[in-house]
Every structure is written in structure tokens, then in C-alpha cells.
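> coords please:
(chains A and B)
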Amino acid sequence: MQHLDPDRLVLLALSEETEGPFDFDHLAECAVCRHELDALRTVADLGAESQDLRDLPPPPERIWQSIEAGIAGPAVTDLAERPRRSPRSRPRWLMPVLAAAAAAVLAVAGTVVVDRLAHRAPAERVTARATLSPLPSVPAAAGGTVRVLAEGEMRVDVRNLPLTTGFHEVWLIDPDDLTRMVAIGNLSDKPDVVLTVPPGIDMNRYRLVDISDEPHDGDAAHSGRSLLRGTLTY
Amino acid sequence: MISHDELAERLRDGDEKALRTAYERHGAAVLYLAQRLLSNRADAEDVTQLTFVAAWAGRETFDPQRGTLLGWLLGIARRKAIDRIRSTVRDDRVTQTVRAQLSAPDQAELPERVVDRLVVADELGRLPAEQRRTLELAFFDDLTHPQIAAVTGLPLGTVKSHIRRGLANLRRRWEVDGATSGSRSAGSSRAL
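Numbers count the residues shown, from 1 in each chain, chains lettered A, B, ... in the order given. Presented below is the predicted three-dimensional model:
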């Protein structure tokens, strides 16, 4: 038995031509050609339906941040400096903040300067310090240091921050409850800024320093776009 | 841009940058599928996150010989989305039952169809430029072979062979990665 010509099947599948008596008779008898035509028709239909899928919008960065947090979890236990914390089930609205924070804790854990005595400057008494490291979405050249001074001030040095159409804000975050955070102030254009730490704030608790990119949207809450992170050590 | 094979290999080797690249390449398709299945943006984003985290955890089970990375990711996403629907039903059986009664069943799209469409769309994007162009004119603009020849300036015979080969490529990919391939999908993503 002679099967239908492959080009003929394509034309039928695309409905460019309709089945004539010869096609009809053959398809009624030939399971192979029927199967071929069915498959080609389905694929052609799927193809025609795929137009809207050509340019899907890129997925939001906050999902990526929560993915990073998800894959960072077990690795944290490899670092001796941080106690192991069991993964907990959290409300989903927390995910972006948690994600960024967890990734950052991991990112900076290895780089935090531990020895405060060795770095103590005679002129200003440093009570805590942190090395700020860029989050994965931020150019690797970005970074900075934070020194908390005995007088209740915080000196922030940053370099190579990505440009922003808004402003850069400094936060202190409780790494054990990442919804808890305090806005400390904004960075000016100068690389070295001294900010006042609100009196009475427990720096042992709010020890995760975060530099965020904030839009001028009148929303005082954290934008979720963290650029640098570092944990204060004493 | 690194090749799909190389990306798969790097991912299997535990390169986190490869996961990022996979997210940039396929995150939109995974999120689209999740949204189509869940109709709730927050759930869809959760499922997208779960999918990539599961893919990372199970990266060694991905077998590029048996399908593409996209097909594998969509397989995981489909199961995560269905898990999410099931747990929602458990959490809120009454509401769900009411909702199910309200919405006409024929409006809901089969997950398999969405997966198939994403796979075919991805393959279409990977075809050689002329093959892709002729198929796009046939699919989206509903042009006949002679019309496509006129629009593109290609000989009719070339148009014919582009379309025949292009369709064959789409079909092969659909058979490998499409939802109906089920158990043949790349790797044991079922366990993820």
C-alpha cells in the first residue's frame, strides 16, 4: 500500500488543503498515516497557539531571591560560625525578605571580620564592625564596611554600588526574625557616611546590616531590593 | 550564550550560576505554567520557587539524554502545582467545592496542553531562522505555502521543505518533552 506523501500530510495538517476522496479512503484504512496526520495536526495546533508565549515577561527577581534562599539553606550548616537553624515553614509573603536575607547571611558569613581589637582605631572606639558583601544580583565589585562607634554612631563606607534612580538606605535587621528591621538612614553621594544609631536599639539582635535600593515611592518599608549585606561582629 | 547541553552539564555539576541561567531562560515558562494552573499569582510564584529549588536538589537525576531542561522543569512544576491545588483543597475543602461548582469545567485548561504549548514554543524559538520564519507565517499569519514563498522570496520547494522539516522538529521535541510523554520525561523528577 502506498502511503500518503509527507508533503501532502503537512498540507492536511495545516488545513491548507482538505482531504480528497483518495486521502479519505487511504486514511480510513491506514493506521500509520492516520497516526502521522494526528501527530502533525496536534503539533501544528500547538504551534499556532504558541504565539502568545514567544515573549513572556521575565519572572520577577524576588522569586530568584527566594530560590537562592531555598538552595542556600543546607549549606549554611557547613559554616562553623553560624548555629544550625532548622528550616521552618513561613508565610509566603515573607519569602522575598527571607530569601534575600538568608542568601546574604551565607554570602557574608565567610567574610566577616572577627577580630575587633586588631582593628581598633585610637581616635574612635569601634564597638562592632561588618564587611558588606554584594548580593548575587549585584556586581561583585560592590562592597563596603560598617563600623559602629561607641558614641552611638555608625560609619558606613561603600564602594561601587549600582546606580539608582532612588536612593540607598541603610537598615539593621534581626537575622533571627527577618521581618524585624530598623531604617538607620540614607547614603549620600560621599563614600563615607556617619549615621546615628537610634538610642536603645539592641545591636546584638539587629546585627545584620543591609543596604537597599529604595525607589522614591513614598513607601517607608524595605523595597526588597537588597544590594549589600553584612553581619556585625563584636 | 552557553548551549543547552553545556548548561545542563554545569547544572548537574552543581554550578549555581547555571541555575541562575536556567531561571533566566526558563523561569518565565515555569511561572506561566504555574499561573495557568493555579490562577493565583502568589501561589504561582511559590510553585516557581519550589520548582527551581527542587530542580537544584535533584539536579543529579536530570538526564539530558531523555529530554531537555525545560521539559524536566515543567514536569516538576506541574507536579508542584498539582500538590498545591491538593493542599488547598484539603485546607479549604468547602470553599473549593463551591468554587468548582461555580466555574465551568471547560474553561479550565488541561495542564498537559499548557506544557505541550510551552515546549513547542521553545522548540520553535530554537529552529534555524528560515525554518522558524516559514512556520511562523503558516501558524500565526495563516499563510499558504505559495503565499509564504511570495512573502519571503524563497522558492516554493524550499518553503515546503522548511515547513516539513520544521514541523518534524517540533513533533520530535513534543514527543520527547511533551506532557503526554509522561514517564519518559527526563530524569526521575517525579520524586522531587
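
> going forward, measure contacts and count neighbours with C-alpha atoms only.
Will do.

> Which residues belonging to the one helix or strand B:Asp43 maps to are considered buried?
Applying DSSP states H and E as the criterion places B:Asp43 in helix B:41-57. By 16 or more other Cα atoms under 10 Å in any protein chain shown, the buried positions in helix B:41-57 come out as B:43-56.

> From those, pick the one nearest A:Leu161.
Distance to A:Leu161 across those (Cα to Cα) is lowest for B:Gln49, with 27.4 Å.

> That closest one and A:Glu61 touch, don't they?
No: using Cα atoms under 8 Å, B:Gln49 is not in contact with A:Glu61, being 11.0 Å away.

> what packs against the lengthiest strand in chain A?
Using DSSP state E, we find that the single longest strand of chain A is strand A:126-134. The criterion is 3 or more Cα pairs under 8 Å, 6 or more residues apart in numbering or on different chains; DSSP states H and E, and the helices and strands that strand A:126-134 contacts are helix A:95-109, strand A:143-149, strand A:226-231.

> between the second one and strand A:126-134, how many degrees?
By that I understand strand A:143-149. On the basis of axes from the mean of the first three to the mean of the last three Cα atoms, to 10 degrees, strand A:143-149 is oriented at 160 degrees to strand A:126-134.

> just to revisit the earlier point, next helix or strand past the helix holding B:Asp43?
Using DSSP H and E, the helix or strand that follows helix B:41-57 in sequence is helix B:69-91.

> Which positions within that next one qualify as buried?
Going by 16+ other Cα under 10 Å, helix B:69-91 has these buried residues: B:69-82, B:84-85.

> how far away is B:Arg161 from chain A?
Not Arg; residue B:161 is Ser. 8 Å (Cα to the nearest Cα, to the nearest Å).

> Low-confidence stretches in chain B?
Scanning chain B for pLDDT under 70 picks out B:89-109, B:181-192.

> A:Leu187: how many residues sit nearby?
The tally of other residues near A:Leu187 (other Cα atoms under 10 Å in any protein chain shown) stands at 20.

> My read is that it contacts A:Phe167, right?
Yes: at 7.4 Å, A:Leu187 and A:Phe167 qualify as touching, with contact defined as Cα under 8 Å.

> picking that back up, out of the buried residues of helix B:69-91, which is nearest to chain A?
B:Arg84 (12.9 Å; Cα to the nearest Cα).

> check contacts around the closest one.
B:Asp43, B:Val47 (Cα atoms under 8 Å, 6 or more residues apart in numbering or on different chains).

> what's the answer for B:Thr134, then?
Shown in contact with B:Thr134 (Cα under 8 Å, 6+ apart): B:Ile148, B:Val159, B:His162, B:Ile163.

> List phi and psi for it.
Here is the backbone geometry of B:Thr134 (degrees, to the nearest 10): phi -70, psi -40.

> Which of the three states applies to the nearest residue to A:Thr18 once chain neighbours are set aside?
Ranked by Cα to Cα, 6 or more residues apart in numbering or on different chains and with sequence neighbours excluded, the top spatial neighbour of A:Thr18 is A:Leu12, at 6.0 Å. Three-state call for A:Leu12 (DSSP: H, G, I helix; E, B strand; the rest coil): helix.

> can you check the one 3 residues further on too?
Each residue gets one of three states, and A:Ser15 gets coil by three-state DSSP.

> For chain A, what is the nearest residue in chain B?
Proximity of chain B to chain A (Cα to the nearest Cα) peaks at B:Phe139, 4.5 Å away.

> Next up, the contacts around that residue.
Going by Cα under 8 Å, 6+ apart, B:Phe139 touches A:Ala44, A:Gly47, A:Ala48.

> State the mean pLDDT of stretch A:215-230.
The average pLDDT within stretch A:215-230 is 85.

> Just the C-alpha atoms of that stretch, please, in PDB.
Only the C-alpha atoms of stretch A:215-230 are listed here, as PDB (Å, rounded to 0.1, in the frame of the first residue of the first chain):
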ATOM      1  CA  PRO A 215      12.600  54.000  44.900                       C
ATOM      2  CA  HIS A 216      11.100  57.400  45.600                       C
ATOM      3  CA  ASP A 217       7.600  55.900  46.000                       C
ATOM      4  CA  GLY A 218       6.700  57.200  49.500                       C
ATOM      5  CA  ASP A 219       6.700  53.700  50.900                       C
ATOM      6  CA  ALA A 220       8.800  53.700  54.000                       C
ATOM      7  CA  ALA A 221       9.100  49.900  54.000                       C
ATOM      8  CA  HIS A 222      12.100  48.000  52.700                       C
ATOM      9  CA  SER A 223      11.900  47.700  48.900                       C
ATOM     10  CA  GLY A 224      13.000  44.100  48.900                       C
ATOM     11  CA  ARG A 225      16.000  45.100  46.700                       C
ATOM     12  CA  SER A 226      19.000  44.500  48.900                       C
ATOM     13  CA  LEU A 227      22.400  45.300  47.400                       C
ATOM     14  CA  LEU A 228      24.900  44.700  50.200                       C
ATOM     15  CA  ARG A 229      24.700  42.700  53.400                       C
ATOM     16  CA  GLY A 230      27.000  42.100  56.300                       C
END
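
> Chain A next: which of the buried residues of helix B:41-57 are close?
Contacts with chain A within the buried residues of helix B:41-57, as defined by Cα under 8 Å from any Cα of the partner chain: B:Glu45, B:Asp46, B:Thr48, B:Gln49, B:Leu50, B:Phe52, B:Val53, B:Trp56.
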